[in-house]
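**Q** no sequence for this one, just the structure:
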(Lines give C-alpha, C1' and ligand atoms only; values in the text may rest on other atoms or scores of the structure.)
Protein backbone atom coordinates (compact mmCIF):
# COMPACT_ATOMS: atom_id res chain seq x y z
CA UNK A 1 0.00 0.00 0.00
CA UNK A 2 1.94 2.94 -1.37
CA UNK A 3 0.22 5.60 0.77
CA UNK A 4 1.23 3.71 3.91
CA UNK A 5 4.82 3.08 2.81
CA UNK A 6 5.16 6.79 2.01
CA UNK A 7 3.84 7.71 5.45
CA UNK A 8 6.26 5.27 7.12
CA UNK A 9 9.16 6.73 5.14
CA UNK A 10 8.14 10.30 5.99
CA UNK A 11 7.08 9.93 9.61
CA UNK A 12 8.44 6.64 10.93
CA UNK A 13 11.43 6.82 13.25
CA UNK A 14 13.94 3.98 13.08
CA UNK A 15 15.01 3.65 16.71
CA UNK A 16 17.32 0.72 15.96
CA UNK A 17 17.43 -2.24 13.59
CA UNK A 18 14.44 -3.84 15.35
CA UNK A 19 12.32 -0.94 16.56
CA UNK A 20 10.26 1.36 14.33
CA UNK A 21 8.36 4.16 16.02
CA UNK A 22 5.13 5.11 14.23
CA UNK A 23 3.61 6.98 17.14
CA UNK A 24 2.82 9.98 14.97
CA UNK A 25 0.12 8.27 12.87
CA UNK A 26 -0.68 4.82 14.31
CA UNK A 27 0.30 4.02 17.89
CA UNK A 28 -0.34 7.19 19.86
CA UNK A 29 -1.37 9.95 17.47
CA UNK A 30 -3.74 8.53 14.85
CA UNK A 31 -4.24 9.81 11.30
CA UNK A 32 -7.96 9.10 10.70
CA UNK A 33 -7.79 9.49 6.89
CA UNK A 34 -4.94 7.01 6.68
CA UNK A 35 -6.88 4.61 8.94
CA UNK A 36 -9.88 4.93 6.63
CA UNK A 37 -7.69 4.10 3.62
CA UNK A 38 -6.20 1.15 5.53
CA UNK A 39 -9.71 -0.09 6.38
CA UNK A 40 -10.68 0.08 2.70
CA UNK A 41 -7.55 -1.81 1.68
CA UNK A 42 -8.13 -4.62 4.21
CA UNK A 43 -11.78 -4.79 3.16
CA UNK A 44 -10.77 -5.08 -0.51
CA UNK A 45 -8.40 -7.93 0.28
CA UNK A 46 -10.95 -9.89 2.33
CA UNK A 47 -14.22 -8.82 0.71
CA UNK A 48 -15.01 -12.23 -0.79
CA UNK A 49 -14.04 -14.33 2.23
CA UNK A 50 -17.35 -14.35 4.09
CA UNK A 51 -16.00 -12.40 7.08
CA UNK A 52 -18.68 -12.08 9.80
CA UNK A 53 -16.58 -10.45 12.52
CA UNK A 54 -13.31 -8.64 13.08
CA UNK A 55 -11.15 -9.40 16.08
CA UNK A 56 -8.40 -7.05 17.19
CA UNK A 57 -6.55 -6.28 20.40
CA UNK A 58 -6.48 -3.09 22.41
CA UNK A 59 -5.32 -0.41 21.82
CA UNK A 60 -3.52 0.29 18.53
CA UNK A 61 -5.46 -2.33 16.57
CA UNK A 62 -8.79 -0.62 17.20
CA UNK A 63 -8.53 2.26 14.70
CA UNK A 64 -7.60 0.15 11.63
CA UNK A 65 -10.13 -2.50 12.74
CA UNK A 66 -13.15 -0.20 13.05
CA UNK A 67 -12.63 1.25 9.56
CA UNK A 68 -12.30 -2.28 8.15
CA UNK A 69 -15.46 -3.26 10.02
CA UNK A 70 -17.28 -0.25 8.59
CA UNK A 71 -16.28 -1.21 5.03
CA UNK A 72 -17.18 -4.89 5.48
CA UNK A 73 -20.29 -4.04 7.52
CA UNK A 74 -19.42 -6.41 10.37
CA UNK A 75 -18.93 -5.90 14.14
CA UNK A 76 -15.46 -5.38 15.60
CA UNK A 77 -14.48 -7.13 18.82
CA UNK A 78 -11.38 -6.02 20.67
CA UNK A 79 -9.66 -8.51 22.94
CA UNK A 80 -8.73 -7.09 26.32
CA UNK A 81 -5.43 -7.39 28.10
CA UNK A 82 -6.84 -6.76 31.53
CA UNK A 83 -9.61 -8.68 33.27
CA UNK A 84 -10.30 -6.08 35.94
CA UNK A 85 -13.04 -4.36 34.00
CA UNK A 86 -16.75 -4.77 33.63
CA UNK A 87 -16.53 -8.19 31.92
CA UNK A 88 -18.43 -11.35 32.54
CA UNK A 89 -16.47 -14.37 33.76
CA UNK A 90 -17.52 -16.25 30.68
CA UNK A 91 -14.46 -15.64 28.56
CA UNK A 92 -11.99 -17.24 26.21
CA UNK A 93 -8.44 -16.39 27.18
CA UNK A 94 -4.95 -17.09 25.91
CA UNK A 95 -1.47 -16.30 27.11
CA UNK A 96 0.77 -14.16 24.89
CA UNK A 97 4.46 -13.56 25.37
CA UNK A 98 5.61 -10.02 24.62
CA UNK A 99 9.26 -9.77 23.63
CA UNK A 100 9.08 -5.95 23.79
CA UNK A 101 7.83 -5.97 27.36
CA UNK A 102 9.68 -9.13 28.35
CA UNK A 103 6.65 -10.71 29.98
CA UNK A 104 3.53 -12.77 29.44
CA UNK A 105 0.07 -11.24 29.38
CA UNK A 106 -3.44 -12.58 28.94
CA UNK A 107 -5.77 -11.69 26.10
CA UNK A 108 -9.46 -12.38 26.54
CA UNK A 109 -12.81 -12.09 24.80
CA UNK A 110 -16.31 -12.61 26.18
CA UNK A 111 -17.79 -15.85 24.90
CA UNK A 112 -20.91 -14.02 23.77
CA UNK A 113 -19.00 -12.20 21.00
CA UNK A 114 -17.42 -15.18 19.21
CA UNK A 115 -19.28 -18.29 18.19
CA UNK A 116 -18.96 -21.30 15.92
CA UNK A 117 -20.76 -19.70 12.99
CA UNK A 118 -18.26 -16.82 12.82
CA UNK A 119 -15.61 -16.35 10.18
CA UNK A 120 -13.16 -13.98 11.79
CA UNK A 121 -10.71 -11.52 10.30
CA UNK A 122 -7.92 -10.75 12.77
CA UNK A 123 -6.54 -7.21 12.47
CA UNK A 124 -3.50 -5.79 14.25
CA UNK A 125 -1.14 -2.86 13.88
CA UNK A 126 2.21 -4.70 13.91
CA UNK A 127 3.39 -8.21 13.12
CA UNK A 128 6.82 -8.99 14.57
CA UNK A 129 7.15 -12.30 16.40
CA UNK A 130 3.49 -13.15 15.73
CA UNK A 131 2.60 -14.04 19.28
CA UNK A 132 -0.29 -11.57 19.61
CA UNK A 133 -1.91 -12.69 16.34
CA UNK A 134 -1.40 -16.35 17.26
CA UNK A 135 -3.05 -15.67 20.65
CA UNK A 136 -6.03 -14.07 18.91
CA UNK A 137 -6.15 -17.10 16.60
CA UNK A 138 -6.33 -19.33 19.68
CA UNK A 139 -9.33 -17.38 20.99
CA UNK A 140 -11.09 -17.86 17.65
CA UNK A 141 -10.35 -21.59 17.62
CA UNK A 142 -11.61 -21.99 21.20
CA UNK A 143 -14.95 -20.50 20.15
CA UNK A 144 -15.33 -22.95 17.28
CA UNK A 145 -15.20 -20.09 14.77
CA UNK A 146 -12.79 -20.08 11.82
CA UNK A 147 -10.10 -17.57 10.90
CA UNK A 148 -10.67 -15.92 7.51
CA UNK A 149 -7.22 -14.35 7.67
CA UNK A 150 -4.90 -12.00 9.47
CA UNK A 151 -4.47 -8.41 8.35
CA UNK A 152 -1.58 -6.39 9.74
CA UNK A 153 -0.74 -2.81 8.99
CA UNK A 154 3.05 -3.23 9.24
CA UNK A 155 4.95 -6.51 9.13
CA UNK A 156 8.54 -6.66 10.22
CA UNK A 157 9.60 -9.10 7.51
CA UNK A 158 12.96 -9.66 9.19
CA UNK A 159 11.29 -11.18 12.25
CA UNK A 160 9.79 -14.63 12.12
CA UNK A 161 6.11 -13.95 12.96
CA UNK A 162 4.94 -13.72 9.35
CA UNK A 163 6.55 -17.00 8.27
CA UNK A 164 5.38 -18.69 11.46
CA UNK A 165 1.73 -17.70 10.95
CA UNK A 166 1.82 -18.58 7.23
CA UNK A 167 3.33 -21.98 8.07
CA UNK A 168 0.46 -22.48 10.53
CA UNK A 169 -1.84 -22.13 7.52
CA UNK A 170 -3.11 -18.62 8.11
CA UNK A 171 -3.53 -16.23 5.22
CA UNK A 172 -1.60 -13.13 6.27
CA UNK A 173 -2.03 -9.82 4.48
CA UNK A 174 0.41 -7.07 5.43
CA UNK A 175 -0.08 -3.59 3.99
CA UNK A 176 3.64 -2.82 4.28
CA UNK A 177 6.42 -5.35 4.83
CA UNK A 178 9.75 -4.06 6.05
CA UNK A 179 12.70 -6.23 5.03
CA UNK A 180 15.28 -4.23 6.91
CA UNK A 181 15.80 -0.87 8.50
CA UNK A 182 18.73 1.15 9.75
CA UNK A 183 19.87 4.73 10.07
CA UNK A 184 20.25 4.68 6.28
CA UNK A 185 16.55 4.10 5.77
CA UNK A 186 13.84 1.49 5.46
CA UNK A 187 13.81 -1.23 2.82
CA UNK A 188 10.32 -2.46 1.97
CA UNK A 189 9.58 -5.79 0.34
CA UNK A 190 8.45 -4.94 -3.16
CA UNK A 191 4.83 -5.08 -4.27
CA UNK A 192 5.19 -8.20 -6.40
CA UNK A 193 6.64 -10.20 -3.53
CA UNK A 194 4.25 -8.80 -0.95
CA UNK A 195 1.64 -11.56 -1.06
CA UNK A 196 4.05 -14.47 -1.03
CA UNK B 1 -29.08 11.35 19.62
CA UNK B 2 -32.09 9.12 19.01
CA UNK B 3 -30.16 6.33 17.22
CA UNK B 4 -27.89 5.96 20.25
CA UNK B 5 -30.69 6.04 22.82
CA UNK B 6 -32.52 3.35 20.83
CA UNK B 7 -29.38 1.20 20.78
CA UNK B 8 -28.91 1.65 24.54
CA UNK B 9 -32.55 0.68 25.16
CA UNK B 10 -32.27 -2.38 22.90
CA UNK B 11 -28.79 -3.64 23.78
CA UNK B 12 -27.73 -2.02 27.05
CA UNK B 13 -27.83 -4.20 30.14
CA UNK B 14 -28.67 -2.49 33.43
CA UNK B 15 -26.48 -4.40 35.89
CA UNK B 16 -27.64 -2.27 38.82
CA UNK B 17 -28.66 1.34 39.44
CA UNK B 18 -25.11 2.53 38.77
CA UNK B 19 -23.73 0.13 36.17
CA UNK B 20 -24.80 -0.01 32.52
CA UNK B 21 -23.17 -2.63 30.34
CA UNK B 22 -22.85 -1.58 26.69
CA UNK B 23 -20.25 -4.19 25.80
CA UNK B 24 -22.23 -5.28 22.75
CA UNK B 25 -21.72 -2.07 20.75
CA UNK B 26 -19.22 0.22 22.51
CA UNK B 27 -16.89 -1.25 25.13
CA UNK B 28 -15.90 -4.68 23.83
CA UNK B 29 -17.82 -5.39 20.64
CA UNK B 30 -18.00 -2.22 18.52
CA UNK B 31 -20.72 -1.30 16.03
CA UNK B 32 -18.75 0.61 13.36
CA UNK B 33 -21.82 2.21 11.71
CA UNK B 34 -23.00 3.55 15.05
CA UNK B 35 -19.48 4.86 15.76
CA UNK B 36 -19.51 6.63 12.38
CA UNK B 37 -22.87 8.25 13.23
CA UNK B 38 -21.51 9.25 16.65
CA UNK B 39 -18.43 10.77 15.01
CA UNK B 40 -20.65 12.81 12.67
CA UNK B 41 -22.78 14.01 15.58
CA UNK B 42 -19.76 15.14 17.64
CA UNK B 43 -18.31 16.82 14.54
CA UNK B 44 -21.60 18.69 13.94
CA UNK B 45 -21.64 19.93 17.53
CA UNK B 46 -18.02 21.16 17.47
CA UNK B 47 -17.59 22.02 13.78
CA UNK B 48 -17.30 25.77 14.34
CA UNK B 49 -15.04 25.67 17.38
CA UNK B 50 -11.66 25.64 15.68
CA UNK B 51 -10.75 22.14 16.90
CA UNK B 52 -7.19 21.21 15.84
CA UNK B 53 -6.84 17.92 17.69
CA UNK B 54 -8.88 15.25 19.44
CA UNK B 55 -7.72 13.73 22.69
CA UNK B 56 -9.18 10.50 24.01
CA UNK B 57 -8.09 7.68 26.31
CA UNK B 58 -7.49 4.03 25.55
CA UNK B 59 -9.35 1.86 24.79
CA UNK B 60 -13.09 2.50 24.44
CA UNK B 61 -12.68 6.16 23.54
CA UNK B 62 -10.70 5.37 20.40
CA UNK B 63 -13.53 4.26 18.09
CA UNK B 64 -15.81 7.29 18.61
CA UNK B 65 -12.73 9.57 18.55
CA UNK B 66 -11.32 8.38 15.20
CA UNK B 67 -14.65 8.85 13.42
CA UNK B 68 -14.95 12.35 14.91
CA UNK B 69 -11.37 13.05 13.79
CA UNK B 70 -12.18 11.86 10.29
CA UNK B 71 -15.19 14.18 10.09
CA UNK B 72 -13.31 17.20 11.48
CA UNK B 73 -10.14 16.30 9.54
CA UNK B 74 -7.87 16.51 12.59
CA UNK B 75 -5.47 14.03 14.24
CA UNK B 76 -6.58 11.91 17.18
CA UNK B 77 -4.27 11.40 20.15
CA UNK B 78 -5.04 8.68 22.65
CA UNK B 79 -3.68 9.05 26.17
CA UNK B 80 -2.09 5.89 27.52
CA UNK B 81 -2.64 4.30 30.88
CA UNK B 82 0.62 2.39 30.87
CA UNK B 83 4.10 3.82 30.48
CA UNK B 84 5.82 0.53 29.72
CA UNK B 85 5.52 0.88 25.98
CA UNK B 86 7.57 2.42 23.26
CA UNK B 87 7.10 6.02 24.47
CA UNK B 88 9.59 8.79 24.94
CA UNK B 89 10.14 10.06 28.47
CA UNK B 90 8.98 13.48 27.42
CA UNK B 91 5.38 13.25 28.53
CA UNK B 92 2.57 15.08 30.26
CA UNK B 93 0.93 12.91 32.91
CA UNK B 94 -1.93 13.16 35.36
CA UNK B 95 -3.34 10.93 38.05
CA UNK B 96 -6.93 9.71 37.71
CA UNK B 97 -8.94 7.93 40.37
CA UNK B 98 -11.15 5.13 39.09
CA UNK B 99 -14.15 4.40 41.28
CA UNK B 100 -14.96 1.29 39.22
CA UNK B 101 -11.52 -0.19 39.75
CA UNK B 102 -11.03 1.32 43.19
CA UNK B 103 -7.55 2.62 42.41
CA UNK B 104 -5.55 5.46 40.92
CA UNK B 105 -3.92 5.23 37.51
CA UNK B 106 -1.78 7.52 35.40
CA UNK B 107 -2.77 8.91 32.02
CA UNK B 108 -0.04 10.27 29.80
CA UNK B 109 0.58 11.87 26.41
CA UNK B 110 3.86 12.53 24.61
CA UNK B 111 4.68 16.24 24.64
CA UNK B 112 5.18 16.20 20.89
CA UNK B 113 1.45 15.62 20.26
CA UNK B 114 -0.02 18.53 22.24
CA UNK B 115 1.18 22.10 22.01
CA UNK B 116 0.11 25.62 22.90
CA UNK B 117 -1.46 26.34 19.52
CA UNK B 118 -3.87 23.39 19.84
CA UNK B 119 -7.58 23.62 20.51
CA UNK B 120 -8.47 20.22 21.80
CA UNK B 121 -11.75 18.32 21.75
CA UNK B 122 -11.76 15.65 24.46
CA UNK B 123 -13.80 12.54 23.55
CA UNK B 124 -14.66 9.64 25.83
CA UNK B 125 -17.17 6.80 25.95
CA UNK B 126 -18.64 7.34 29.44
CA UNK B 127 -18.96 10.28 31.79
CA UNK B 128 -19.71 9.22 35.37
CA UNK B 129 -17.62 10.84 38.08
CA UNK B 130 -15.72 12.91 35.50
CA UNK B 131 -12.26 12.03 36.74
CA UNK B 132 -10.96 10.66 33.42
CA UNK B 133 -12.15 13.71 31.45
CA UNK B 134 -10.75 16.05 34.12
CA UNK B 135 -7.42 14.20 33.88
CA UNK B 136 -7.37 14.64 30.12
CA UNK B 137 -8.20 18.33 30.65
CA UNK B 138 -5.17 18.58 32.93
CA UNK B 139 -2.91 17.16 30.20
CA UNK B 140 -4.25 19.76 27.75
CA UNK B 141 -3.68 22.58 30.23
CA UNK B 142 -0.11 21.40 30.94
CA UNK B 143 0.68 21.66 27.24
CA UNK B 144 -0.57 25.24 27.03
CA UNK B 145 -3.34 24.18 24.63
CA UNK B 146 -6.99 25.03 25.24
CA UNK B 147 -9.99 22.74 25.58
CA UNK B 148 -12.66 23.31 22.91
CA UNK B 149 -15.04 21.01 24.76
CA UNK B 150 -15.72 17.54 26.03
CA UNK B 151 -17.81 15.08 24.04
CA UNK B 152 -19.04 11.93 25.73
CA UNK B 153 -21.10 9.17 24.22
CA UNK B 154 -23.07 8.35 27.38
CA UNK B 155 -23.38 10.54 30.46
CA UNK B 156 -24.65 9.09 33.69
CA UNK B 157 -26.66 12.18 34.63
CA UNK B 158 -27.25 10.84 38.12
CA UNK B 159 -23.53 10.95 38.91
CA UNK B 160 -21.78 14.22 39.53
CA UNK B 161 -19.15 14.26 36.75
CA UNK B 162 -21.23 16.27 34.27
CA UNK B 163 -22.09 19.03 36.75
CA UNK B 164 -18.53 19.07 38.03
CA UNK B 165 -16.99 19.56 34.58
CA UNK B 166 -19.60 22.16 33.58
CA UNK B 167 -18.92 24.07 36.82
CA UNK B 168 -15.22 24.00 35.93
CA UNK B 169 -16.21 25.91 32.78
CA UNK B 170 -15.98 23.08 30.24
CA UNK B 171 -18.56 22.77 27.51
CA UNK B 172 -19.78 19.18 27.79
CA UNK B 173 -21.79 17.54 25.01
CA UNK B 174 -23.29 14.15 25.82
CA UNK B 175 -25.04 12.21 23.06
CA UNK B 176 -27.25 10.40 25.58
CA UNK B 177 -27.81 11.40 29.21
CA UNK B 178 -29.24 8.80 31.53
CA UNK B 179 -31.16 10.27 34.45
CA UNK B 180 -31.86 6.97 36.14
CA UNK B 181 -31.89 3.26 35.45
CA UNK B 182 -33.26 0.18 37.13
CA UNK B 183 -34.69 -3.21 36.26
CA UNK B 184 -37.75 -1.30 35.02
CA UNK B 185 -35.75 0.46 32.32
CA UNK B 186 -33.66 3.48 31.51
CA UNK B 187 -34.87 7.06 31.82
CA UNK B 188 -33.08 9.46 29.47
CA UNK B 189 -32.96 13.20 29.94
CA UNK B 190 -35.13 14.63 27.20
CA UNK B 191 -33.75 16.30 24.08
CA UNK B 192 -34.69 19.84 25.08
CA UNK B 193 -32.87 19.58 28.38
CA UNK B 194 -29.91 17.74 26.93
CA UNK B 195 -27.63 20.72 26.36
CA UNK B 196 -28.23 22.43 29.70
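**A** Nice, I can see it. It should be emphasised that the depicted structure is a prediction, and the values quoted were computed from it without experimental measurement.

**Q** strands paired with the helix or strand that contains residue A:174, and their directions?
**A** For residue A:174, the element it lies in under DSSP states H and E is strand A:172-182. Its sheet considered, strand A:172-182 pairs with strand A:146-156 (parallel), strand A:185-188 (antiparallel) by DSSP bridges.

**Q** Report the distance from stretch A:114-124 to the chain centre.
**A** Here stretch A:114-124 is found 13 Å from its chain centre; the criterion is C-alpha atoms, centre = their mean, to the nearest Å.

**Q** List the buried residues in it.
**A** By neighbour count with 16 or more other C-beta atoms under 10 Å in any protein chain shown, stretch A:114-124 contains the buried residues A:114, A:118, A:119, A:120, A:121, A:122, A:123, A:124. Where you see a C-beta, it was placed from the backbone N, CA and C, and this is true even at glycine.

**Q** what's in contact with the strand holding residue A:174?
**A** With C-beta atoms under 8 Å, 6 or more residues apart in numbering or on different chains as the test, strand A:172-182 has contacts from A:1, A:4-5, A:8, A:14, A:17, A:20, A:38, A:41-42, A:45-46, A:127, A:133, A:149-158, A:162, A:165-166, A:186-189, A:194-195.

**Q** Ok, stretch A:145-153 next?
**A** A:4, A:26, A:38, A:42, A:45-46, A:49-51, A:53, A:64, A:68, A:114-127, A:133, A:137, A:140-141, A:165, A:170-176.

**Q** Which residue ranges of chain A form helices?
**A** A:2-11, A:32-46, A:62-72, A:131-143, A:161-167 (DSSP state H).

**Q** Once you drop chain neighbours, what's closest to the residue positioned nearest the centre of chain A?
**A** The residue lying closest to the centre of chain A (C-alpha atoms, centre = their mean) is residue A:124, at 1.5 Å. Among residues not flanking residue A:124 along the chain, residue A:61 sits closest, at 4.7 Å (C-beta to C-beta, 6 or more residues apart in numbering or on different chains).

**Q** hey, which of the helices of chain A is tucked in deepest?
**A** helix A:62-72 (a mean of 27; mean count of other C-beta atoms under 10 Å in any protein chain shown).

**Q** Rounded mean pLDDT for that helix, please.
**A** Mean pLDDT, helix A:62-72: 98.

**Q** any idea of the angle it forms with strand A:172-182?
**A** Inter-element angle recorded for helix A:62-72 and strand A:172-182: 150 degrees (by axes from the mean of the first three to the mean of the last three C-alpha atoms, to 10 degrees).

**Q** Show me what helix A:62-72 is packed up against.
**A** helix A:32-46, strand A:53-57, strand A:76-79, strand A:119-127, strand A:146-156, strand B:29-30, helix B:32-46, helix B:62-72 (3 or more C-beta pairs under 8 Å, 6 or more residues apart in numbering or on different chains; DSSP states H and E).

**Q** Return the distance of it from the chain's centre.
**A** 12 Å.

**Q** Can you pull the residues of chain A lying near chain B?
**A** A:15, A:19, A:21, A:23-24, A:27-33, A:35-36, A:58-59, A:62-63, A:65-67, A:69-70, A:73-78, A:80, A:84-87, A:100-101, A:109-110, A:112-113 (C-beta under 8 Å from any C-beta of the partner chain).
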